[in-house]
Structures are given as C-alpha cells and as structure tokens.
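In: Predicted model, plus sequence, below.
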Amino acid sequence: MAERQVTIEGQTLELEKPFMVVATENPVEMEGTYPLPEAQVDRFLFKLWLDYPETDEEVEIMRRQLSGENPEVEPVTNAEEILAAQKLVNLVYIDDRILKYIRDIVLKTRNHPQIALGCGPRSSLTLMKCAKARAAILGRNYVTPDDVRALTVPALNHRILLKPEAELEGLDVKAVIKSIIEEIPVPI
C-alpha cells in the first residue's frame, strides 16, 4: 500500500494516483479471522473504531430498510482535487520543535514498561503527515502540538503491542498512548 504498487504472480503493477485502501476488521474471535502481521498493519495510516449506532439511529436504519430506501451516493471530490489537497498539505510548515515532539512520543513507545512492541520510523512519518493535514483542514499553514495530540491515538494504536501483564491489568493500547501523550512535555 505505502509503495503504491501491487505484485501479482511476480508482475509488479503501479497503482494510479491518488491511491487509498479502506479495510474493515472483524473481531479476532470470529472464525476464519486472523490478525495481519505487524509489518502489514504498520502500512495503514489509521485504525479507527466505529461504535454501534445510537438507539434512535438503529431504529432509523430499520425504517429505511423497511421502506426500501436506496440512497444515491454522490461524489464529493475527484482525483484532481485530492492531488491538489495533497500538494497543499506538503506546503504546511512544521517546526523542528514539533518534529522532536513527534519523535519523543514515538520513542517513548519503544521503551515504555507496558509495551512489548513499540512504533517504528513509519509512525513518526505518519504522525507528521497527519498533523500537517489536520492543520491544513483547519485553515492553518503551520502545525501545532494540538494537531499532533489529536491524531496520536488513531495514528499509533495499531502499531503497538502491549505486554501480556499490561493486558491482564486491564490496560488497552489507547489508554497507554494517552498516558504517553500526557508524559511528554509539549513544546513551547
């Protein structure tokens, strides 16, 4: 995915730009579901959780099913606009203090007492790029520590494996990342 190419029976094929993969993951307890190896999981930008719908939303889902409603999906952008947005994000300024802040967060995952497998360099790059994108979306041409903090959990949670004893204590990856964010001094 990150290499923007696929190999099928020894033949490498370049993928068109922009290229994106969206995947879903069933709970591991489901039969026939196996977790991806760390090297493959690391290539995903984010891991997000979608919760169950609210009670009123669930009723609305059933109503729409009963009515036979089949909503049309309309595009909200096109490839050219996405590529232009990517170029705009590249122009967003990120200070060395913010880069070191990202580095410190990622490094902390590598020597945290509750983490068995921490984040690699791809994590730093991901967090940097995502923080730049958030700044652009919010109309800024510079990154703040808040941009980094807002995206640390979704950008890092799937790249960390907790030690078994941490899991036995009832900790989850999100809680450990949040504690790391609180431990690392915010640059001024």
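Out: Right, received. Where do you want to start? Residues are numbered from 1 along each chain as shown.
In: list the contacts for the residue positioned nearest the centre of the chain?
Out: Nearest to the mean C-alpha position of the chain, counting by CA atoms, centre = their mean, stands residue 46 at 1.4 Å. Residues near residue 46 by CB atoms under 8 Å, 6 or more residues apart in numbering: 130, 154, 155, 158. Any C-beta I mention is one placed from the backbone N, CA and C, and that applies to glycine too.
In: go on, residue 77?
Out: Residues counted as contacts of residue 77 (CB under 8 Å, 6+ apart): none.
In: tell me the SS of it?
Out: Using DSSP: H, G, I helix; E, B strand; the rest coil, the secondary structure recorded for residue 77 is coil.
In: So that it lines up with my notes, have the first residue be 548 from now on.
Out: OK, 548 is where the count begins now, so the last one is residue 624.
In: Please report the distance of it from residue 585.
Out: 32 Å (CB to CB, to the nearest Å).
In: now swap in residue 669 and tell me
Out: Applying CB to CB, the value for residue 669 to residue 585 is 11 Å.
In: hey, what's in contact with both of those two?
Out: Taking CB under 8 Å, 6+ apart as the contact criterion, the common neighbours of residue 669 and residue 585 are residue 706.
In: tell me the domain ranges of this structure?
Out: Listed domain ranges for the chain are 548-570+623-637, 638-730 (source: automatic domain parsing).
In: which stretch in those is the model least sure about?
Out: The stretch with the lowest average pLDDT out of the domains of the chain is domain 548-570+623-637, scoring a mean of 87.
In: Please identify the buried residues of it?
Out: Neighbour counts over domain 548-570+623-637 (16 or more other CB atoms under 10 Å) mark residue 636 as buried.
In: how far is that domain from where the chain is centred?
Out: Distance of domain 548-570+623-637 from the chain centroid (CA atoms, centre = their mean, to the nearest Å) equals 16 Å.
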